[in-house]
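Please work out how this folds:
(one chain, ligands or ions: 1)
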Amino acid sequence: MALPQYIKVSQGLARSEQYAGEVDPQQLLRLRLELAGPSQGMQVSLGLVRDAIGNWLRGELRGSLDLQCSRCEAVFAWPLKVDVDLRLVRSEAEAKQVLQDADPYQVDDDRLPLVEVVEDEVLLALPMLPRCQACEQAAADAPEPAPAVKAKKPNPFAQLKKELK
Ligand SMILES: [Zn+2]
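Numbering: from 1, shown residues only. Below is the predicted model of the structure:
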């Protein structure tokens, strides 16, 4: 089942709608740039929830994405596992209010771009420096040497101040 591109939030909340389906990562243009090749689909399972605190988009994203190892350049299957828990807010002010306790997501005109939100969440979860299992293991076995202590350089402004005196 394909995921709806957009959902109507008020209606979805009233019905506690659930959205489950498969998304092809190749269809997500921003995500596609990060991938090493066509990947398996992602399973999306999200739902709208209204509770005593507020309105939420909750669920999970699962799948396997092909990434290129930043160390050995091999292509490997990266297990995608994202738990989504977004507090739906109506304004920037409300977003600021809830920021301490939750991840706010601002809904404009009662419309939520579901697929775009999925893509955002996946992009956030991607590793900055992807590593295949072998390289991950190698890195764990041989911890990186501690960075050499940098020689303390004289502060050029302090030097200038001295000269001006
Ligand atoms: Zn590697």
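
May I see the buried residues of the host helix or strand of residue 84?
Element membership for residue 84 (DSSP states H and E) is strand 75-89. Residues of strand 75-89 classed as buried under the neighbour-count rule (16 or more other CB atoms under 10 Å) are 76, 78, 80, 82, 84, 86, 87, 88, 89. (Each C-beta comes from the backbone N, C-alpha and C, glycine too.)

Quick check: closest non-adjacent residue to the fourth one.
In space, not counting the residues next to it along the chain, residue 82 is nearest to residue 61; the distance is 4.3 Å by CB to CB, 6 or more residues apart in numbering.

What strands line up against the helix or strand the one you found falls within, and which way round?
Residue 61 is part of strand 55-68, with elements assigned from DSSP H and E. According to DSSP bridges, the neighbouring strands of strand 55-68, each with its direction, are strand 42-50 (antiparallel), strand 75-89 (antiparallel).

which one of those lies closest to residue 130?
strand 75-89 (6.3 Å; CB to CB).

For residue 53, grab phi and psi.
phi -90, psi -40 (degrees, to the nearest 10).

rewinding a little: pull out the buried residues from the strand holding residue 61.
Applying a neighbour-count criterion of 16+ other CB under 10 Å, one finds 55, 56, 57, 58, 59, 61, 63, 64, 65, 66, 67, 68 buried in strand 55-68.

Pick the one among these closest to the ion.
For the buried residues of strand 55-68, the closest approach to the ion (CB to the ion) belongs to residue 68, at 8.8 Å.

I figured that closest one hits residue 127, correct?
No. Here residue 68 lies out of contact with residue 127, judged by CB atoms under 8 Å, at a distance of 11.2 Å.

which bits of the protein sit near the ion?
Of all the residues in the chain, those in contact range of the ion (CB under 5 Å from the ion) are 69, 71, 72, 74, 132, 135.

Tell me which stretches of the protein form strands.
When assigned using DSSP state E, the strands of the chain occupy the ranges 6-8, 18-23, 42-50, 55-68, 75-89, 103-106, 111-113.

Now mean pLDDT too, for these, in JSON lines please.
Putting the strands of the chain into JSON lines (pLDDT from 0 to 100) gives the following:
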{"stretch": "strand 6-8", "mean pLDDT": "96"}
{"stretch": "strand 18-23", "mean pLDDT": "95"}
{"stretch": "strand 42-50", "mean pLDDT": "97"}
{"stretch": "strand 55-68", "mean pLDDT": "97"}
{"stretch": "strand 75-89", "mean pLDDT": "96"}
{"stretch": "strand 103-106", "mean pLDDT": "96"}
{"stretch": "strand 111-113", "mean pLDDT": "97"}
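
That concludes my questions; thank you for your assistance.
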